[in-house]
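Asker: okay, sequence plus prediction incoming.
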Amino acid sequence: MAGTSTDEIAGERRQLINVAYRLLGSLAEAEDAVQEAYARWYALPRSRREEIVSPGAWLTTVTGRICLDVLGSARARRERYVGAWLPEPLPDRAEWDHGHGTDPADQMVLDESVAMAFLVVLESMTPAERVAFVLHDVFRYPFTEIAGVLGRTPAACKQLAASARRRVGVAHAPATAAGQADTVRHVKQAWETKNIAALVDLLDPAAVMIADGGGMVGTALRPIEGGTRIAQYMVAIAGKAPGLELLERSVNGVPGLVAQHAGVVTTVASFDVADGRVTRIWAVRNPEKLGPWAQDG
């Protein structure tokens with residue numbers, strides 16, 4: 001059957017990687033999930049593969065089930081994680097480290113559904129809510145297909161997506177890319193000059209900064225709350241790291257900052273901006289999550 005040709009099966013990989021990353025928040029785990037789904041496909045007897053009318057739907061269902069299992073076990077793993085756990089940040093395709101094994105730059109679609117603010121909201125959902133919401137609201141899969149992933153009725157899946165949608169609904173509308181870029185640029189300038197007053201003006205008084213070092217590098221283990229405290233912390237970091245270079249970069253498709261030392265990326269910072277002020281900062285420092293980022297030389 002034409003539908004089971006090797007080329008067509010391989011062509012599903014891009015969609016599967018995009019689904020799995022949004023479900024898991026980790027590119028490494030997404031690639032593993034998709035690889036496992038392909039392994040299960042090729043483990044089927046040829047006669048069984050030829051019976052499957054839509055290999056793409058089959059692969060999506062299996063990938064979804066694998067991700068559901070990973071999400072269930074991830075909760076226990078993250079209880080043992082040192083400090084806060086944040087999703088893995090993704091660079092713009094031009095910034096991708098092309099020495100990072102299989103090059104996923106052509107695979108990932110960077111849109112609003114991978115913005116760090118959105119992924120963090122997804123983390124607040126139950127595994128079943130996340131699967132139902134991502135598959136339906138982001139990728140437009142019908143609830144009849146999602147039911148096969150979750151092992152529930154279409155009506156139950158619809159309820160799960162509605163519950164997840166309410167969690168997303170409490171988030172404010174994101175800033176425009178241009179507006180966010182201006183704010184991030186001003187933060188960079190104030191940070192570089194160690195100007196606490198300027199940083200305080202750029203930060204919402206109720207801003208929160210969350211850092212993820214994974215216990216592998218030094219960082220704040222608990223959220224830092226309040227614009228003044230965050231500004232003081234940022235300036236203290238700058239004072240302890242001479243030679244640190246700040247670069248304006250796209251992070252998950254949204255303007256952000258990358259810090260590098262001696263040409264090596266050490267921190268990737270994402271921002272949530274409202275009314276010209278930063279309300280959230282997510283700083284990923286765990287080196288295991290920075291693999292895709294380009295390094296000079």
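Answerer: Received the coordinates, thanks.
Asker: going forward, measure contacts between C-alpha atoms and count neighbours the same way
Answerer: OK.
Asker: what mean pLDDT would you report for stretch 44-53?
Answerer: Mean pLDDT, taken over the full extent of stretch 44-53, equals 92.
Asker: quick one: end-to-end length of it, please.
Answerer: With Cα to Cα, to the nearest Å as the measure, the ends of stretch 44-53 fall 14 Å from one another.
Asker: go ahead and measure how far it is from the middle of the chain.
Answerer: Using Cα atoms, centre = their mean, to the nearest Å, the distance from the centre of stretch 44-53 to the centre of the chain it belongs to is 34 Å.
Asker: now it: buried residues?
Answerer: By neighbour count, with 16 or more other Cα atoms under 10 Å as the criterion, the buried positions of stretch 44-53 are 49-50.
Asker: what does stretch 277-287 give?
Answerer: Neighbour counts over stretch 277-287 (16+ other Cα under 10 Å) mark 277-286 as buried.
Asker: dump those residues to CSV, plus pLDDT and secondary structure.
Answerer: Below are the buried residues of stretch 277-287 laid out as CSV (pLDDT from 0 to 100; DSSP: H, G, I helix; E, B strand; the rest coil):
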residue, pLDDT, secondary structure
277, 95, strand
278, 97, strand
279, 96, strand
280, 96, strand
281, 97, strand
282, 97, strand
283, 96, strand
284, 96, strand
285, 94, coil
286, 94, coil
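Asker: pick the one among these closest to residue 14.
Answerer: residue 284 (25.1 Å; Cα to Cα).
Asker: the closest one contacts residue 216, correct?
Answerer: No: under the criterion of Cα atoms under 8 Å, residue 284 is not in contact with residue 216, lying 11.5 Å apart.
Asker: now, the most widely separated pair of the buried residues of stretch 277-287?
Answerer: For those, the farthest-apart pair by Cα to Cα is 277 and 286; their separation is 26.3 Å.
Asker: this structure: strands as residue ranges?
Answerer: Assignment of strands within the chain using DSSP state E yields the ranges 203-212, 224-225, 245-251, 254-261, 264-274, 277-284.
Asker: can you redo those strands as TSV with distance to residue 182?
Answerer: Converted to TSV, these look like this (distance: least, Cα to Cα, whole Å):
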stretch	distance to residue 182
strand 203-212	13
strand 224-225	23
strand 245-251	10
strand 254-261	9
strand 264-274	10
strand 277-284	10
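Asker: residue 143: which of those strands is closest?
Answerer: With distances scored as Cα to Cα, the stretch of the strands of the chain nearest to residue 143 is strand 254-261 (30.2 Å).
Asker: how near is the closest residue to residue 139 other than its chain neighbours to residue 61?
Answerer: Spatially, and ignoring its direct neighbours in sequence, residue 139 is nearest to residue 19 (7.7 Å; Cα to Cα, 6 or more residues apart in numbering). Computed with Cα to Cα, the distance linking residue 19 and residue 61 is 11 Å.
Asker: do the same with residue 135
Answerer: Spatial separation of residue 135 from residue 61 under the definition Cα to Cα is 10 Å.
Asker: where do the contact lists of the two overlap?
Answerer: Shared contacts of residue 135 and residue 61, defined by Cα atoms under 8 Å, 6 or more residues apart in numbering, comprise residue 146.
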